[in-house]
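Student: take a look and give me a structure for this.
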Amino acid sequence: MSQATPEVGAPSYPWTGPVHLDMLNAQGQAAGTAEMYVSVDTLTVRFGGRTLAFIVRDFFRSWLRRPGQQDYMIDDMTWSIQGDALCMTVDGEFFYSPPGEALDVLRSLI
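Tutor: This is a model prediction of the structure:
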C-alpha cells in the first residue's frame, strides 16, 4: 500500500469546522453552548440562539496568543482572559466562561 505524500510547495490550509464550548455563568452553573463556526478567514460566534459576532480569524488568533492584553471587543460580545480562563461577556452585562482547557483548545484550532 502506498502512502500519499504532499506535493512540494502545495498550500496548507488551516483547520476549519465547528467548535462547541459549554459555558458556565458567573455562579458556575451551566448556561448553554457557545458555537463557533471556523472558516479559513473568519469565525462566527453564536450563543443563546443568536449570532453575536463575526470575527477575523487572524486577529482573534493573535489576541489568543498574547494573554494579558486588552479585552477583545467585537459586535455584541467581549472576550477576555482572566488568569488561565477564557471569558465571554454578552451585551456588556452577561458573563460566561467555558470550563477546563478551552483556551488551550482554541489556541490549537484557531
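
Student: what's near enough to touch residue 54?
Tutor: Under the criterion of C-beta atoms under 8 Å, 6 or more residues apart in numbering, the contact partners of residue 54 comprise 42, 43, 44, 45, 74, 75. Any C-beta I mention is one placed from the backbone N, CA and C, and that applies to glycine too.

Student: and the residues you listed, which of them are buried?
Tutor: Burial by neighbour count, 16 or more other C-beta atoms under 10 Å: within the contacts of residue 54 this picks out 43, 45, 74.

Student: mind putting these into CSV with distance to residue 80 and pLDDT?
Tutor: Compiled in CSV, the buried ones among the contacts of residue 54 are given as follows (distance: C-beta to C-beta, whole Å; pLDDT from 0 to 100):
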residue, distance to residue 80, pLDDT
43, 16, 94
45, 14, 96
74, 12, 93
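
Student: and which of those residues is nearest to residue 107?
Tutor: Proximity of these to residue 107 was ranked by C-beta to C-beta; the top entry is residue 43 with 13.3 Å.

Student: below-threshold pLDDT in this structure: ranges please.
Tutor: Applying pLDDT under 70 to the chain picks out residues 1-12, 67-68.

Student: can you map out the strands along it?
Tutor: For the chain, strands defined by DSSP state E occupy the ranges 17-25, 30-38, 42-47, 50-56, 72-74, 77-82, 85-90, 94-97.

Student: residues in contact with the third one: which ones?
Tutor: Spelled out, it's strand 42-47. Where contact means C-beta under 8 Å, 6+ apart, the residues beyond strand 42-47 that reach it are 23, 32-37, 51-57, 60, 77, 88, 90, 96, 110.

Student: parallel or antiparallel, list what pairs with it.
Tutor: Partners of strand 42-47 in the sheet, by DSSP bridges, are strand 30-38 (antiparallel), strand 50-56 (antiparallel).

Student: dump that strand to PDB, restricted to CA.
Tutor: Presented in PDB, the C-alpha positions along strand 42-47 are these (Å, rounded to 0.1, in the frame of the first residue of the first chain):
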ATOM      1  CA  THR A  42     -13.500  34.200   9.800                       C
ATOM      2  CA  LEU A  43     -15.200  32.900  12.900                       C
ATOM      3  CA  THR A  44     -18.900  33.200  13.500                       C
ATOM      4  CA  VAL A  45     -20.000  33.100  17.200                       C
ATOM      5  CA  ARG A  46     -23.500  32.000  18.200                       C
ATOM      6  CA  PHE A  47     -24.900  31.800  21.700                       C
END
